[in-house]
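**Student:** Could you work out the structure for the sequence below:
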Amino acid sequence: MYNEKLINFDDIKSKEDLKQYFIENKVQVKWIEGENKNFINFIENDILIYFIENNASLEIIEFIIVKGYSTLNYISFCNKYMNNSPLYNTPLSCAIQKQRYDIADLLINYGAEFDSIPYDNFHYIINTENLKYFMTKNYNIPIKLIIDIFDKDSDYEYNSSNKSLTHDFLKQIFNYLIVKQKHISSQLIILLIKNNYNDILNYIFKHYVLNKDFILKLILCYKNQITVSKSHYQEIIASEMNKINFNSLFYKTAIEKNNYNAMNILCNYDIRGNKIIIEDICNLLKVDFVSRNIQDVLTSNRPELKKVFLNKMKNSKLRYHVNPKLLTCLENTTTYNEDKENIVNLIEQNNYFDFIRNIKNNNVNVTKFHFKVFDSKVHNYKKKDIIGLAIENNVSPVLLDFIINQCLENNKNFIGNRHLHFLYYALYKNKFRISEYILKKFEGENFELIFRWLYNSKTLNNKNLNFILYHNLFYYRNQNDIDNSKISSFLHSIEYIPRCSLNQFLRYYTLSNNFILKLLSYYKNKTILSKNNLNDIIMKENSKFNSSWIYPMALQDYNPEELNILYKYDIRDKKIIINDIINILNKLVENDNDMKNKFMEDINNNIIKIPIEEKYLNQLKNSKLIKNYIIEKIEMNQINELSDFIKNNYISLSHFNKKNDDILTFAIKSNASLKMIKYLMSQYSSLNYMVYYANGSPLTGSMPLTSSIIDVPYSPLSLSLCLNKYKISQILIEGGADINYKLNNYNKNETFDIISYLNKIQKINHDNLKFIINNGFNLTLEHIKLFIEDQDDNEQLNNRKRKRISYNYNNNTYSNNNEENTNNNKKDKGRAIHYMKTLIKYYSYDNIFVLKLILLSKNKSGLSYNQLQNILLRENNKICLSKELINIIMSYKNENVMKILFDYGIKSNAIYSESSELLPFIVAKNSLFIQYLFKYNLLDYTQFNLEDFIVKLLPLDDELKTIKMKNNDKPYPQEKEHSRYLGIIHFKNLKLFLEEYLKHELNNNFSSYKNENYSKIILRIYQKLYMKATNADQLQEGLEFLEKIILNLLFHETFYFHHYDNNLLKLCSSDLQIIMLKKSLLHKNFDLSTININSILLYLKGIDEDNSKVFNFFVNEILNNKKTFSNDIITGITDFLEKLKE
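**Tutor:** Model prediction:
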């Protein structure tokens, strides 16, 4: 430290005077490092800066540097403020401020760096001469600084004694930019316009874009007959045009700031051409609501807008004037109101040619207009776009086509999904010519909501319904899985539409024109169709007529006429139709004798013209008795009697089943024999169907279920597995029950497969899980995720209390068994871990796979060794530990699951190479993953960049801000952890990662180290450790670890630091410092010519002033091997030693 009161500067005239003063006053010039942990030294009254400020001679400055400093990149409080913030000097900033460029050169020669100058200090020292100095030193001045200089609204205040914003100074800055930058920021151009730096703006455009140098370059190519390809020529032009990104914001700023000199300069130099210039200006003025800022500086009178604007551009008092040709073009443009009025008139007249001419000549963007159109339906005006206006006025299809194409040209996203709106506009006005055009124009788009829209708006009528039916525009017409409730309301509404009938609808609904034309096209095009293909096509058409919702709708309202129409147009086999009707009637009339009697009476009186046989009518009449008899025989296990009864009376069990009342599931629940179950199965066309729970059902007993899933449906197979009746489950599968059948709960829009269903109702166990896997279940990532999420070893889930609620369907009661819950929670501990083991154990090499191998052996199928290996490999890879699965496991902090997967030999295709992929595992304290990452070679060393990883893991505060800015101020993924980085737990994970990583690199002779800057990596950890360590023990632990890394690196045979930093030596003892020099600066592959030798010598002298062991070693090593090093290095060391002796 230095106190300026100790020295009378007037007495110091030379280096000798200073030396004598130090001797007489016993002054020792010695650098004292500050307490700051970020390598920044806060010093007041620094002797070096003091002498620089007092214009000391060069030899005095050099004497002080060599005598007392190990670095020149430090800051010192200069007792000055800017915007109430203290300013800090560096020796270099002080020399530049004093315009002592000879001292600045000397400081740079000894390692002083421009980047060490604080940003605020740049504002204080910047001026024309200093700017020239920066340019001669090829220093990149921060663009932010230049922007602050030009921005009069900037928070920075400039000291006029240091700098004035003269024309020459500003021009000098842009000369610098022209030389240094390939692109000038748009923000800078806007600031010039905003602050009326018009001469500078003109100067830039004149000398930067399409300047003389560029033109001469092209002429020279032509003169020397240098061949330039078209693509290369376009690249040259594009590169020149990209120097400044001309855009409409420039023009907008000029208008808002009333700067018409800038406006005219922009028009004269905008290299995009007059067409785009006019388009940009017109887009600012040709809008429905002109920007308030533009409105304020021009006029509030909309019709006068263009006139006022042009008068300002033509003002004779302006310094810069615009090209008259461009002015003429602007005068001939039309305003928003003029364009809108012309559009309305031409559309009303359906004037195709004049409309096109008007749009093209006046450069009209048709998407920007909104028109008020009177709607007689609501007796009010509605806003419509230009397409709506055209449809409203029933223009010709050719004009409408041009308008739609023009809209897409102006804005490709303008139409989006609005094709349905256009058809609706046309149909509710019965404009069928336009409707036909819209269907053709948007062929392939979905119009199936059109009926619903017209019906809900009460604009559906006989004519537009005919159009919908004729063109086959049916709601959900092409889907197999139909939401019956939606379609039933669709069809049911027909009878309430005036002059429309169900008969009219069904005439087009099945075997429609489209279907017939499709079949004819097969014939015409000679398309070959197999019998199966043809049957599939017909079956799909037949399936449109869905009896499960059409007939119940007619029977519930009991409309005989409607029922007759349905039967007439139902193209299915008549026996199937009658069977469906009887089935529906049995369900509907079980407790309604009046309806039952009325139906049979109407059949007999031929009011209902459906030929139903007497035996079916008898079944209908006695349905309750028949059902009770069937239940009785099942309970008594009298298979033969039941079989005879069903056969002799032509009974179909489906007639007596309901959605919530099924005979087969009743038998399963009632412990019926396997023979009885098999017989009942034979009476079903499919075993893949759903049964719904219902209050008071006579067929279901009490099942323990959580209250939230009482309405989840089940199937015969899921019921048997829920009850652990595996023999029944097996015969169900053998009879056609699909183990992968999905259960749909339409009320809650949920879908369950068998595993998710059993897990949902808390009935999954090892036995049924094993059974499911062994019978061909398609296991997916979602099922593994299911158990990971349900992992009770997780601390978060340990605190969750599960309440099992039993619901008894016979007496409608709930019970909450708290005592049982407590016991079950204990049993649940670790249940998911065991289920994961079961999944892994039985899914690979399951029964089906084993049977396949046995079959191959039995059939004596020959397999080569490679074929067998491929079969085994495919089976082993059925479960694969992917990145997605690993991330899911880690998101639930479920290390035990990962351990199981790896320990069972599950292969992983997860290869990590990006830093961002690994950061969460370090922050999440996941040491197990880090171990597996290296143990199973999941890290791609060739692509992974350790330096990038460390920088992202340990961001400095300024880097964190930069990351946030790049992400639009979204939180950095680890921002919450940022303040706790290198806490003792995090540091352990980082240590583990680095130990494993370096172990691999050391063993592989640093296969990728040439891409890694280990000096930067080590120093970043060191720096962050100093900033975030909370106690001495933590700091010591970190330093010991870094020393261990350095030792491993230094003593590796092939390694050397190809990047060097002085601060690395701080982490080493003197003996290690010598080895560090051998492995860096003195290594045979290190290019010492890239290093400032004076800065190295200065630093080595300072770190060990007492015995100079390291300094002497470095110097002697070079001087004793002069042939190895350049003359500049030898001369630099010799000169430094001479100065040191002084």
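**Student:** all contacts plus neighbour counts: C-alpha atoms, from now on.
**Tutor:** OK.
**Student:** Just the CA trace of the helix or strand hosting residue 123, in PDB.
**Tutor:** Element membership of residue 123, judged by DSSP states H and E, is helix 119-125. Presented in PDB, the C-alpha positions along helix 119-125 are these (Å, rounded to 0.1, in the frame of the first residue of the first chain):
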ATOM      1  CA  TYR A 119     -16.900  -0.600 -17.900                       C
ATOM      2  CA  ASP A 120     -17.900   2.600 -16.100                       C
ATOM      3  CA  ASN A 121     -14.300   3.800 -16.500                       C
ATOM      4  CA  PHE A 122     -14.500   3.600 -20.300                       C
ATOM      5  CA  HIS A 123     -17.300   6.200 -20.200                       C
ATOM      6  CA  TYR A 124     -15.000   8.500 -18.300                       C
ATOM      7  CA  ILE A 125     -11.900   8.200 -20.500                       C
END
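**Student:** Mind listing what's buried along that helix?
**Tutor:** 120-125 (16 or more other C-alpha atoms under 10 Å).
**Student:** Could you identify the helix or strand that succeeds that helix?
**Tutor:** For helix 119-125, the following helix or strand on the C-terminal side (DSSP H and E) is helix 128-136.
**Student:** Does anything pack onto that next one? Which helices or strands?
**Tutor:** Using 3 or more C-alpha pairs under 8 Å, 6 or more residues apart in numbering; DSSP states H and E, the elements in contact with helix 128-136 are helix 167-180.
**Student:** cutoff 10 Å now
**Tutor:** Counting contacts by 3 or more C-alpha pairs under 10 Å, 6 or more residues apart in numbering; DSSP states H and E, helix 128-136 packs against helix 91-97, helix 101-109, helix 167-180.
**Student:** re earlier: how far does the helix holding residue 123 sit from the chain's center?
**Tutor:** Averaging C-alpha positions (C-alpha atoms, centre = their mean, to the nearest Å) puts helix 119-125 40 Å from its chain's average.
**Student:** How about stretch 1113-1128?
**Tutor:** With C-alpha atoms, centre = their mean, you get 56 Å for stretch 1113-1128.
**Student:** Next: stretch 761-777.
**Tutor:** Counting by C-alpha atoms, centre = their mean, stretch 761-777 is centred 36 Å from the centre of its parent chain.
**Student:** for the protein, what spans make up the strands?
**Tutor:** In order along the chain, the chain carries the following strands (DSSP state E): 42-44, 75-82, 85-89, 371-375, 380-384, 703-704, 743-745, 750-752, 805-808, 813-816.
**Student:** Return the member of those strands having the minimum mean pLDDT.
**Tutor:** Mean pLDDT is lowest for strand 805-808 among the strands of the chain, at a mean of 31.
**Student:** Now do residue 934, the pLDDT please.
**Tutor:** 87.
**Student:** Now do the contacts for it.
**Tutor:** 993, 996-997, 999-1000 (C-alpha atoms under 10 Å, 6 or more residues apart in numbering).
**Student:** can you count the residues close to residue 422?
**Tutor:** Per other C-alpha atoms under 10 Å, the neighbour tally for residue 422 reads 18.
**Student:** Ignoring the adjacent residues along the chain, who's closest to it?
**Tutor:** Leaving aside its sequence neighbours, residue 422 sits nearest to residue 388 (C-alpha to C-alpha, 6 or more residues apart in numbering; 6.8 Å).
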